[in-house]
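Asks: Okay, here's the prediction I keep looking at, along with the sequence it came from:
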Amino acid sequence: MATASSAPREYALFAQAAPNGTADKETLKTIFAEYGSGTAPEGTADFAAVAPALKKEQTHHPEGEGNCLGFAALDSQGVLVPHLFTRKSLGPDDIRVQITHCGICHSDKHQTRNEWGNSKFPMVPGHEIVGIVTEVGENVTDFKASLLNSVVVGERAGIGCIFDSCRECEQCKEDLEQHCAGVLWTYNSTNPDGSATQGGYSTHYVIDKRYALHVPDNLPLDAAAPLLCAGITVYSPLRYYGLDKPGMKVGVVGLGGLGHMAVKFLKAFGCEVTVISTSSSKREEALKHLGADRFVISKSEDEMKAAAGTLHGIIDTVSAQHDLALYMTLLRPANAKYVLVGVPEEPYQLHSSALIFKRASVGGTLVGGIKETQEMLDFCGEHNITCEIEKIPIDYVNTAMERLVKNDVHYRFVIDICGSLVYDYSK
């Protein structure tokens, strides 16, 4: 008889149609049509009965051994190919997540091509991971803890950038695991045993419950996946630097994967939002679709002059080199904040006078800790905030990377793992 542990992919699909244990038959029909044999069994919604019709053959057959199938870059060329590797065994404090979707982040492109100079190969990228819990360790009785209740198997889970940390330093005790000297990232870090952490372009993940997150039930998993990086990358600095008060006037530089999430959060905070872009091509998208209040073209001298001195703060999401001093003219005369979350290849040049005469401050942040990331997800659940995505099969991932380089995505690629990367766990 099929169970969550013996048929994890099938269970992850079933659980999406039965979040409370009772399957919605219309949702089941859709899932069977897209992910299974095409026809749902009549007269039952029991997992053991429907599991065979959800089963698909293994999609890729790379050489090698392992218990997990993924797509990996084998060298700095960055070409992603099918790859077998071994996930760690389930420990007493671990949960096993069958991955349903994984977002593609710009850092995945940088890391797979060793553009930051610290890449370890073979590398399975991906840190915007969502899925369904299919197994738990013996000590796991409170994955959702104070979040909702203690149900675990069948729960919707998220895994972001952080895989583990020392749990003892000042940063960890202050829920700032991302700044722990011993932090292990979800991929491209080295475990204590010398093995490399591998990311979410793969069929499943095993992680300590302390570093797993609950994805609110009302958010679609595919559109929620990028929240685990793109979402928290902008949510954290907006909260930390106090650019979250109703009525504040806040600018967003760049309207890509990060920028459009910043607009959504700021509108939910009750702020007045000005999108600042180099061209008018995204004006309608920003104002009509995302709800921004103003749109300023940074190359227009007249528009920049009209907006000068109006903003309490700016969050800058652009990773390309640009003139910070130009954008800082938009800040109010005193106590404004300019927050950087983009990482260009070359350092910025900024004269101190741009700060001194406005008593302005410039800052930046690196994602968020586990507690704050869960806070962000809960906020998204309360306000029905998700990412604008383009869902793709895993075989399209190399084309997606090339499009990412050209900023040809609206606004985030998300890989449909359950639909395009299938591993036969019965072997």
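Replies: Right, received. Where do you want to start?
Asks: what's the spacing between Lys337 and Val130?
Replies: 32 Å (C-beta to C-beta, to the nearest Å). C-beta: built from backbone N, CA, C; applies to glycine.
Asks: And for Ile232?
Replies: Relative to Val130, and taking C-beta to C-beta, Ile232 is found at 14 Å.
Asks: try Val206
Replies: Distance of Val206 to Val130, given as C-beta to C-beta: 15 Å.
Asks: With Lys371 instead?
Replies: For Lys371, the distance to Val130 - C-beta to C-beta - is 19 Å.
Asks: more neighbours, the two?
Replies: Val130 (30 against 13; other C-beta atoms under 10 Å).
Asks: quick one: contacts for the more buried one?
Replies: Counting by C-beta atoms under 8 Å, 6 or more residues apart in numbering, Val130 touches 99-102, 156-159, 215, 221-222, 224-225, 228.
Asks: Name the SS class of it, please.
Replies: Counting by DSSP: H, G, I helix; E, B strand; the rest coil, the backbone at Val130 sits in strand.
Asks: Bridged to it, which residues?
Replies: Following DSSP bridges, Val130 is listed with bridge partners His101, Gly158.
Asks: OK, contacts around Ser6?
Replies: Tyr425, Ser426.
Asks: what's the helix or strand for Glu372?
Replies: Under the criterion of DSSP states H and E, Glu372 resides in helix 370-383.
Asks: Quick one: list the elements packing against that helix.
Replies: With contacts taken as 3 or more C-beta pairs under 8 Å, 6 or more residues apart in numbering; DSSP states H and E, helix 370-383 sits against strand 213-214, helix 230-240, helix 257-269.
Asks: Just checking: what are the partner strands of the next helix or strand after that helix?
Replies: Using DSSP H and E, the helix or strand that directly follows helix 370-383 along the chain is strand 389-392. Using DSSP bridges, strand 389-392 pairs in its sheet with strand 412-416 (parallel).
Asks: What residues sit buried inside the strand it pairs with?
Replies: Of the residues in strand 412-416, those buried under the neighbour-count criterion (16 or more other C-beta atoms under 10 Å) are Arg412, Phe413, Val414, Ile415, Asp416.
Asks: How about stretch 417-427?
Replies: Across stretch 417-427, burial judged by 16+ other C-beta under 10 Å covers Ile417, Cys418, Gly419, Ser420, Leu421, Val422, Tyr423, Tyr425.
Asks: Redo those residues as JSON lines? Include secondary structure and pLDDT.
Replies: Listed next are the buried residues of stretch 417-427 as JSON lines, based on DSSP: H, G, I helix; E, B strand; the rest coil; pLDDT from 0 to 100:
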{"residue": "Ile417", "secondary structure": "helix", "pLDDT": "98"}
{"residue": "Cys418", "secondary structure": "helix", "pLDDT": "96"}
{"residue": "Gly419", "secondary structure": "helix", "pLDDT": "95"}
{"residue": "Ser420", "secondary structure": "helix", "pLDDT": "97"}
{"residue": "Leu421", "secondary structure": "coil", "pLDDT": "98"}
{"residue": "Val422", "secondary structure": "coil", "pLDDT": "97"}
{"residue": "Tyr423", "secondary structure": "coil", "pLDDT": "96"}
{"residue": "Tyr425", "secondary structure": "coil", "pLDDT": "83"}
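Asks: Reformat these into a markdown table and put distance to Ser300 next to each item.
Replies: As requested, the buried residues of stretch 417-427 are exported to a markdown table (distance: C-beta to C-beta, whole Å):
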| residue | distance to Ser300 |
| --- | --- |
| Ile417 | 43 |
| Cys418 | 46 |
| Gly419 | 44 |
| Ser420 | 43 |
| Leu421 | 45 |
| Val422 | 51 |
| Tyr423 | 52 |
| Tyr425 | 57 |
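Asks: Can you show me the strands along the stretch 101-250 of the chain?
Replies: 129-136, 156-159, 162-164, 184-185, 204-208, 213-214, 249-253 (DSSP state E, counting those that start in this stretch).
Asks: out of those strands, nearest to Glu402?
Replies: strand 129-136 (22.7 Å; C-beta to C-beta).
Asks: I am finished for the moment; much appreciated.
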